[in-house]
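Give me a 3D structure for the following:
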Amino acid sequence: MDARLRLSVVVPVLNEAAGIRAALEALAPLRARGHEVIVVDGGSSDSTADIAAGLCDRVLSAPRGRAAQMNAGARAANGDMLLFLHADTRLPADADRTLLRALANTQRCWGRFDVAIDGRPTALRLVARLINLRSRLTGIATGDQAIFVTRAAYAALEGFAAIPLMEDIDFCRRAKALSRPLCLRARVVTSGRRWENDGVWRTILLMWRLRLAYWLGADPDELARRYHAAR
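Numbering: from 1, shown residues only. Next up is the predicted model:
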């Protein structure tokens, strides 16, 4: 794969006014190297979209929900590679060069970064290591790990499924039919606010229960209701 290919970073947002400026300013070096950043707002009631407008290539509106928002961004993207980035996650320096160089030396068509979690509890370092290990063993990534995919592979998969939870798990499960993921050791840094607010071990147990239920065939709509009720 040509390392000069263009990357499209798709950032789904909802009420991220407090942090969206810093998130997009961190992506300025990628834009300076010719890559694009697309922000997809899911109906924010704050000034997220207004702040983002001057700091990215496009701001789009889409129905609320990460799957719908990411699919809308992908449809509008011009890049050869798509990277889906949560608003509270920061890419490593030279993420574009790292990603494209790694893909140039493999037949794999999608992947993710290792993750580090920014937060006060020391247990979060262990949580991050376990997430990275689990991802390598299972070939399944989470959205916090900045999933990336070639445009051709994304089209073959027909994007993210229109489900309110586990859209990242579902996407990876289907993507594994195309290739194993490229698991980059370069780390994205994601906010630990969810773990800090809800409790580290309580959050882990909740997500394990929900993922187990998903693998056993539970309805994603019901899992989303259980997730929001538990927070």
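
got a list of what the residue nearest to residue 150 when sequence neighbours are not counted touches?
Take residue 150 and drop its neighbours on the chain: the residue closest to it by Cβ to Cβ, 6 or more residues apart in numbering is residue 109, 4.7 Å away. The C-beta positions use only the backbone N, C-alpha and C, and glycine is treated the same way. Contact analysis of residue 109 by Cβ atoms under 8 Å, 6 or more residues apart in numbering lists 103, 149-150, 152-153, 175, 178-179.

how close does residue 109 sit to residue 179?
Per Cβ to Cβ, to the nearest Å, residue 109 is found 5 Å from residue 179.

what touches both of these two?
Shared contacts of residue 109 and residue 179, defined by Cβ under 8 Å, 6+ apart, are found at residue 153.

so what's the residue most central in space within the chain up against?
By Cα atoms, centre = their mean, the chain has its centre lying nearest to residue 143, at 3.3 Å. Going by Cβ under 8 Å, 6+ apart, residue 143 touches 66, 84, 86, 167-168.

Farthest pair within those?
86 and 167 (12.3 Å; Cβ to Cβ).

just the helices in the protein please.
20-25, 28-32, 48-53, 66-76, 95-104, 123-138, 151-157, 167-175, 193-198, 200-215, 220-230 (DSSP state H).

now the shortest one: mean pLDDT?
Right, the one you point to is helix 28-32. Averaging pLDDT along helix 28-32 yields 96.

Quick check: buried residues in it?
In terms of neighbour count (16 or more other Cβ atoms under 10 Å), helix 28-32 has its buried residues at residue 30.

Any chance you could list what contacts that helix?
7, 9, 37, 55-57, 91, 93, 95-96.

again, 10 Å this time
Contacts with helix 28-32, where a contact means Cβ atoms under 10 Å, 6 or more residues apart in numbering, come from 7, 9, 24, 35-37, 55-57, 83, 91, 93-97.

which one of the residues you listed has the most neighbours?
Using other Cβ atoms under 10 Å as the neighbour test, the contacts of helix 28-32 are led by residue 9, with 28 neighbours.

between the contacts of helix 28-32, which is nearest residue 130?
Closest approach to residue 130 among the contacts of helix 28-32 (Cβ to Cβ): residue 91, at 21.5 Å.

what residue ranges in the chain are flagged as low confidence?
1-3, 231 (pLDDT under 70).

80 instead?
Scanning the chain for pLDDT under 80 picks out 1-4, 227-231.

What is the burial count for the closest residue to residue 89 other than its chain neighbours?
Of all residues not flanking residue 89 in the chain, residue 190 sits nearest, at 4.3 Å (Cβ to Cβ, 6+ apart). When counting by other Cβ under 10 Å, one arrives at 27 neighbours for residue 190.
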